[in-house]
Structure formats: C-alpha cells, structure tokens
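**Student:** Only the shape, not the letters, is given here:
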C-alpha cells in the first residue's frame, strides 16, 4: 500500500450553502478549490473513495464533493510526508483564500487544507 500526499483540484460550478458536519452551514463561492490530504497507508484507496459519489460522510471534503467535482489529482510519493508544508505553499499564492477556517485541518496547526481560487491555479506544487 502506497503512502503519500495528494492534492485534489476541485470545481464548484455555483455558489452553495453546505453543511459541513458539526461545523454547520458555510457559504462556498463558485470557483476552484485545492484540497491537500494524506494517507499513511492506501493512498490510491483514499483517492478512489473521494471519487465515489455515494459514501458515508467522514471527512470535511466529503460534504463539499456532494456539490463539486474533482478535475485533477496530483500524487506526491517521493518519501517526503509533509502535507502541511505543501498546503502552506498553496496558501502563499496571492490569489488564495480560505473560505472555511480549519477545513480538513482539525488535527494540525494549518489555517485550512482547502484553498479557494476564482480561477484554477496553473502550476503543480512540489512536495
């Protein structure tokens, strides 16, 4: 089973009011989102789960994906295992915005692991 980091490039086609588990309702503007996650075991299975439409909601991203679609997936399996560092690089982009604080980042010090962009970011980040 592979381990590593992944980034989902997601498109939300219209504004949405989404209940994110216990965090309650949040307004998500239409546009593009980059979600950074990791899997210590079963990287492929984790991403396959994200691609499924009918699933139990376990992570914050599960709720957003009910309204949005995954457009690109990037895998980082080079031995470095720091999803927070990769996520922070995405947040450094001048057009990056956080829509929901701590989204996908309940267990770390990051402001969020979901980053919003009005237009899809062009460059692939390196881990």
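**Tutor:** Cool, got the structure. Please read all numbers here as calculations on a predicted model, not as lab measurements. Residues are numbered from 1 along each chain as shown.
**Student:** what bits of this structure have low per-residue confidence?
**Tutor:** For the chain, the stretches flagged by pLDDT under 70 are 1, 79-81, 123-127.
**Student:** so where do the helices sit in it?
**Tutor:** In the chain, the helices defined using DSSP state H lie at 43-51, 60-64, 83-91.
**Student:** Let me have those in TSV, adding distance to residue 7 and mean neighbour count as columns.
**Tutor:** (Each C-beta comes from the backbone N, C-alpha and C, glycine too.) Formatted as TSV, these follow (distance: least, Cβ to Cβ, whole Å; neighbours: other Cβ atoms under 10 Å):
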stretch	distance to residue 7	mean neighbour count
helix 43-51	10	15
helix 60-64	11	21
helix 83-91	7	19
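**Student:** for these, which one sits closest to residue 73?
**Tutor:** Nearest to residue 73 among the helices of the chain is helix 43-51; the distance by Cβ to Cβ comes to 5.9 Å.
**Student:** Show me what that closest one is packed up against.
**Tutor:** strand 4-12, strand 31-39, strand 69-76 (3 or more Cβ pairs under 8 Å, 6 or more residues apart in numbering; DSSP states H and E).
**Student:** now do 7 Å
**Tutor:** strand 4-12, strand 69-76 (3 or more Cβ pairs under 7 Å, 6 or more residues apart in numbering; DSSP states H and E).
**Student:** surely residue 65 meets residue 50?
**Tutor:** Yes. With contacts counted by Cβ atoms under 7 Å, residue 65 reaches residue 50, the gap being 6.4 Å.
**Student:** any common contacting residues for those two?
**Tutor:** When contacts are counted by Cβ atoms under 7 Å, 6 or more residues apart in numbering, residue 65 and residue 50 have no shared neighbour.
**Student:** circling back to that earlier point, closest one to residue 26 among the helices of the chain?
**Tutor:** Judged by Cβ to Cβ, the one of the helices of the chain that comes nearest to residue 26 is helix 60-64, at 9.1 Å.
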